[in-house]
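**Q** Have a look; sequence and predicted model below, questions after that.
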Amino acid sequence: MTGDATVDGAGQGRGGDWLAGRGAVVTGGGRGIGSAVADALVGAGAGVVVAARSTEEIEMVAERLGATGARVHAVPCDVSDEVSVAKMADRARELLGAVDILVNNAGISGSAPFLRVRVGDWEAMHRVNATGPLLVTQALLPGMLERGWGRIVNVASVVGLKGARYISSYASSKHALLGMTRCLADELAGTGVTVNSVCPGYVDTPMTTRNILRIAEATGRDAAAVRRGLEEMQPGGRFVSPGEVAQAVLSFLPEAAASLQGSELVVRGGSTGPG
Ligand code: NAP
């Protein structure tokens, strides 16, 4: 993974420029929720760096959004690797001038019955889902504190707030992320920088498609039937869309959201609830 791609356009306006002049980093911005968040940030006028491991995917997002005239840059990064994070943060500052907004969205998932949880999988999940946001936040927070303004939004999950069968590693990594968010929120009180979380239920993304295929393979059921079954279990009878999660992320960004600190926004069409 070398280099980065930059796509600069003429203007940023796509229906409201309330984030004009702001620079944002979205980790895991190459597909799914991260790509939708980049889209929403660009729509609000922000300059955006999308960061993930798959260079091709982030470059495609940068090209797609750059074609609308937005300032979007693809910068490769593995959030679990300190050196990679430091390089991405330097490049993001160079490209955007300053990073005012950070969306810690990169994540991986997996499942196993508790007695079959492998330490390696457990550690990998925590490394990306919890240590990743720690590293990226540590790299970008000092600049926000210097300028006295910043918005950090962590993409956790409803299973950061409750348990569920077969996802000990994933759920505990999201619990860790929420715990970190709450502690940091208390440290940031009065600084002008806020940190909050969104907690989606099932979202219609490549991650969910992969999970469905895994369940289908493990149970011998048809993937379409597994999908339908999971959708029916959701409060609204459907998966949340990536765009709906993106709108929840955006709700933490306005000036008027300055007192939202350490809070969790559940996005699942119902309460945290069962299912
Ligand atoms: P996705 O479709 O698999 O996309 C995940 C993104 O994260 C990709 O861009 C991926 O790119 C990136 N990523 C993974 N590991 C990374 C690493 N080590 N360094 C940098 N980037 C990395 O997943 P999604 O559904 O959009 O999920 C996004 C976030 O929402 C995750 O944190 C997930 O846990 C959370 N979430 C998802 C759901 C759901 O139902 N889908 C529900 C609740 C919460 P590369 O692989 O190229 O690096």
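**A** Done, it's in.
**Q** Please state the backbone phi and psi of residue 195?
**A** The phi/psi pair for residue 195 (degrees, to the nearest 10) reads phi -140, psi 130.
**Q** quick one: contacts of the strand or helix carrying residue 41?
**A** Using DSSP states H and E, residue 41 maps to helix 32-43. With C-beta atoms under 8 Å, 6 or more residues apart in numbering as the test, helix 32-43 has contacts from 12, 14-16, 19, 24, 26-29, 48, 50, 52, 61, 65, 68, 70-72, 101, 103, 105-106, 155, 200, 203, 205-207, 241-243, 245-247, 249-250. Placement of C-beta: from N, CA and C, glycine included.
**Q** Check which element follows that helix along the chain.
**A** Next element after helix 32-43 (DSSP H and E): strand 47-52.
**Q** That next one close to the ligand?
**A** Yes - applying C-beta under 6 Å from any ligand atom, one finds strand 47-52 touching the ligand at residue 52.
**Q** Check which helices and strands that strand sits against.
**A** strand 23-27, helix 32-43, helix 55-66, strand 72-76, helix 82-96 (3 or more C-beta pairs under 8 Å, 6 or more residues apart in numbering; DSSP states H and E).
**Q** Please dump those into TSV; it should also carry distance to residue 174 and mean pLDDT for every row.
**A** Formatted as TSV, the helices and strands packed on strand 47-52 follow (distance: least, C-beta to C-beta, whole Å; pLDDT from 0 to 100):
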stretch	distance to residue 174	mean pLDDT
strand 23-27	15	99
helix 32-43	14	98
helix 55-66	23	97
strand 72-76	25	98
helix 82-96	20	98
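**Q** Tell me which residue in the stretch 101-250 of the chain sits closest to the ligand.
**A** Residue nearest to the ligand within the stretch 101-250 of the chain: residue 107 (2.1 Å; C-beta to the nearest ligand atom).
**Q** looking at the chain, which residue lies furthest from center?
**A** residue 220 (31.5 Å; C-alpha atoms, centre = their mean).
**Q** how about that one, phi and psi?
**A** Dihedral angles for residue 220 - degrees, to the nearest 10 - are phi 80, psi 10.
**Q** all strands of the stretch 51-200 of the chain, in order?
**A** 72-76, 101-104, 150-155, 193-200 (DSSP state E, counting those that start in this stretch).
**Q** Could you point out which of the ones you listed sits nearest residue 44?
**A** Between residue 44 and the strands of the stretch 51-200 of the chain, the tightest spacing by C-beta to C-beta is seen for strand 101-104, at 9.9 Å.
**Q** what does that closest one contact?
**A** So strand 101-104 is contacted by 19, 22-27, 34, 37, 41, 46, 79, 132-133, 136-137, 140-141, 144, 150-155, 177, 249, 253 (C-beta under 8 Å, 6+ apart).
**Q** By mean pLDDT, flag the weakest helix or strand of this structure.
**A** Within the chain, no helix or strand scores below strand 5-7, which has a mean of 36 by mean pLDDT, DSSP states H and E.
**Q** Counting neighbours, what do you get for residue 28?
**A** Residue 28 has 29 neighbours, counted by other C-beta atoms under 10 Å.
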